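A.B. asks: make a model of this:
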Amino acid sequence: MEYKKTYFIGIGGIGMSALAQLMADHGTAVSGSDREASPVTELLESKGISVTIGQKAENVPSDADVIVYSEAVWEDNPERARAKELNLRQISYFEALGEVSYKKKTIAVAGTHGKTTTTGMTAKILADGGASPTAVVGSIVKDFGSNYLHGDSDLFVVEACEYKRDFLTLSPFVLVITNIEWDHTDYYSDLDDFRSAFAQLAKKVPAEGAIVTNPNDPVIAPMLAGLSPRIIDYTKEPAYDLRLPGEFNKDNARAAAAAARVVAPDITDDSIATSLSHFHGTWRRFEHKGKTKSGAEVYDDYAHHPTSVAKTLAELRRKLVPGSKLFVAFHPHLYSRTRDLLPEFATAFKDADEVIIAPIYPAREPDDGVTSNKLLAEKISETGTHAHFGTFEEIEHILSTEPGPSDLIVTMGAGDIYKVADRLVK
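C.D. replies: Next up, the predicted model:
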């Protein structure tokens, strides 16, 4: 990727910001804008990347070689419109990522759940083993202090997003598939449609490459038939000792170890085990934030799919002492996901004692006029779990006053509910 000057529209996005760091690392003059300041934009500025808060036509440099835009930024965005007027080349984040992937030996980590943690673990194993990978991760990896890791080799570890089949821009030498469950219901009609995207990506892996997955998973197994690359069963890896809780993280570690072995066969078992035992996790993945004034422990998690919600709450339930309560503040992400997976969401909170549902985070969608936080709270209540709905202010008031010193609080969702957790422990 040989650009002299690049401008990012939506630079605060978790993938966009990692790519911006990568390009800056390779000598490109990088700048960009976002709608609001965040920990990510602060990270970029600390690395010398200029970030403008607010998006206006005059922000766009007329001499930029290329404009990289987030998929969340529409064509009528004033900066994209200005770039068009200036006849500047515009490419999406995923197209830009594909350009990087094409020139490197890519380890792409895909799946409905666990791909962020698995990507971070894979990068850490390789880095600790001396393989010097470059990595782009969908969250801040605590061990790197960033969502980007500089590397000097041709290895490229990247989190592969399935939305709109965007990961098909990648050129994977190793493809990790952690699991497959129907998601992004606004784009994929059903599980078969969703799985077909992964099947397309699997066919891009060359014969000399490898697919790391659970080949006995009934959803995954049919798409592996007739493929040329090696199929590596990550479930045959040992159960590594981890700082992170949960069986799901043990599976993530197995997948990461198996992937690392493919591209760096000289890495020893001891090196892998040591690296994983020291992995501190990522931002918003079962992250312990601290305590409230009353002494209640506060966690924050990105879980926004029913399965990940249920698994995270089950693990938190195991941390409770007898007689204490688990309070959950959930920020639903998208009207379509909430509507299409409503029965699964209704039962996903069974390990909670009290659930408060924030207004739905719409992201890219208009209000459908039917699906709401009130509806979700009612459906959860019908299963026997106490649930109600409220604004962020009401949620913060409840969580700062009701939980006692032995109780646990978790804020969950792909929106900005994490800000409540931050204020609770401030």
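A.B. asks: dump the residue contacts of the most centrally placed residue in the chain.
C.D. replies: Among the residues of the chain, residue 138 comes closest to the average C-alpha position under Cα atoms, centre = their mean, at 4.4 Å. By Cβ atoms under 8 Å, 6 or more residues apart in numbering, the contact list for residue 138 reads 14, 15, 115, 116, 119, 147, 159, 161. Bear in mind the C-beta positions are built from the backbone N, C-alpha and C, glycine included.
A.B. asks: taking those residues one by one, which sit in helices?
C.D. replies: Mapping these onto helices (DSSP state H) picks out 14, 15, 115, 116, 119.
A.B. asks: which residue sits closest to residue 194, ignoring its sequence neighbours?
C.D. replies: residue 188 (4.2 Å; Cβ to Cβ, 6 or more residues apart in numbering).
A.B. asks: neighbour-wise, which one of the contacts of residue 138 leads?
C.D. replies: Among the contacts of residue 138, residue 119 has the most neighbours (other Cβ atoms under 10 Å), with 32 neighbours.
A.B. asks: count of residues packed around the residue lying closest to residue 69 once chain neighbours are set aside?
C.D. replies: Nearest residue to residue 69, sequence neighbours excluded (Cβ to Cβ, 6+ apart): residue 9, at 4.4 Å. Neighbour count of residue 9, defined by other Cβ under 10 Å: 26.
A.B. asks: run through the stretch 1-150 of the chain and note the low-pLDDT ranges.
C.D. replies: 1 (pLDDT under 70).
A.B. asks: show me where the stretch 51-200 of the chain has strands.
C.D. replies: Taking DSSP state E, counting those that start in this stretch as the criterion, the stretch 51-200 of the chain carries its strands at 66-69, 90-92, 105-110, 134-141, 146-149, 155-159, 172-177.
A.B. asks: how does this protein divide into domains?
C.D. replies: 5-92, 104-277, 287-424 (automatic domain parsing).
A.B. asks: nearest to residue 98, of those domains?
C.D. replies: Closest approach to residue 98 among the domains of the chain is made by domain 104-277 (3.2 Å; Cβ to Cβ).
A.B. asks: what distance separates the closest one from the centre of its chain?
C.D. replies: From the chain centre to the centre of domain 104-277 is a distance of 13 Å (Cα atoms, centre = their mean, to the nearest Å).
A.B. asks: check which strands are paired with whichever strand or helix holds residue 6 and give the direction for each one.
C.D. replies: Using DSSP states H and E, residue 6 sits within strand 5-9. Take DSSP bridges as the rule and strand 5-9 pairs in its sheet with strand 29-34 (parallel), strand 66-69 (parallel).
A.B. asks: adding distance to residue 94, write the ones you listed out as JSON lines.
C.D. replies: Shown next, in JSON lines, are the strands paired with strand 5-9 (distance: least, Cβ to Cβ, whole Å):
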{"stretch": "strand 29-34", "distance to residue 94": "16"}
{"stretch": "strand 66-69", "distance to residue 94": "10"}
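A.B. asks: quick check: longest helix of this protein.
C.D. replies: Max-length helix for the chain by DSSP H is helix 247-263.
A.B. asks: that one vs strand 105-110, what angle?
C.D. replies: Put simply, helix 247-263 runs at 160 degrees to strand 105-110, going by axes from the mean of the first three to the mean of the last three Cα atoms, to 10 degrees.
A.B. asks: tilt between helix 247-263 and strand 155-159?
C.D. replies: Using the same axes, to 10 degrees: helix 247-263 against strand 155-159 is 150 degrees.
A.B. asks: could you give the bridge partners of residue 327?
C.D. replies: residue 354, residue 409.
A.B. asks: now for it: which residues touch it?
C.D. replies: 296, 352-354, 356, 398-399, 402-403, 407-410.
A.B. asks: between the residues you listed, which is nearest residue 95?
C.D. replies: Out of those, the member with the shortest distance to residue 95 (by Cβ to Cβ) is residue 410, at 36.3 Å.
A.B. asks: for the closest one, report the pLDDT, please.
C.D. replies: Looking at residue 410, its pLDDT reads 97.
A.B. asks: now do the SS call for the nearest residue to it once chain neighbours are set aside.
C.D. replies: Nearest residue to residue 410, sequence neighbours excluded (Cβ to Cβ, 6+ apart): residue 299, at 4.4 Å. Using DSSP: H, G, I helix; E, B strand; the rest coil, the structure places residue 299 in strand.
A.B. asks: OK, contacts around residue 299?
C.D. replies: Neighbours of residue 299 in contact, by Cβ under 8 Å, 6+ apart: 286, 287, 288, 289, 316, 408, 409, 410, 411, 421.
A.B. asks: mind telling me what element the last one is part of?
C.D. replies: Taking DSSP H and E as the definition, residue 421 sits inside helix 418-424.
A.B. asks: cool, and the third one?
C.D. replies: Element membership for residue 288, per DSSP H and E: strand 287-291.
A.B. asks: dump that strand to CSV, keeping only the CA atoms.
C.D. replies: Extracted C-alpha coordinates of strand 287-291, given in CSV (Å, rounded to 0.1, in the frame of the first residue of the first chain):
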residue,chain,number,x,y,z
GLU,A,287,-13.5,-6.5,31.0
HIS,A,288,-13.4,-5.8,34.7
LYS,A,289,-13.8,-2.1,35.2
GLY,A,290,-13.6,-1.7,39.0
LYS,A,291,-16.1,-1.1,41.8
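A.B. asks: and that strand, which strands flank it?
C.D. replies: strand 297-301 (antiparallel).
A.B. asks: out of the strands of the stretch 51-200 of the chain, deepest packed?
C.D. replies: The highest mean neighbour count among the strands of the stretch 51-200 of the chain, using mean count of other Cβ atoms under 10 Å, belongs to strand 155-159: a mean of 29.
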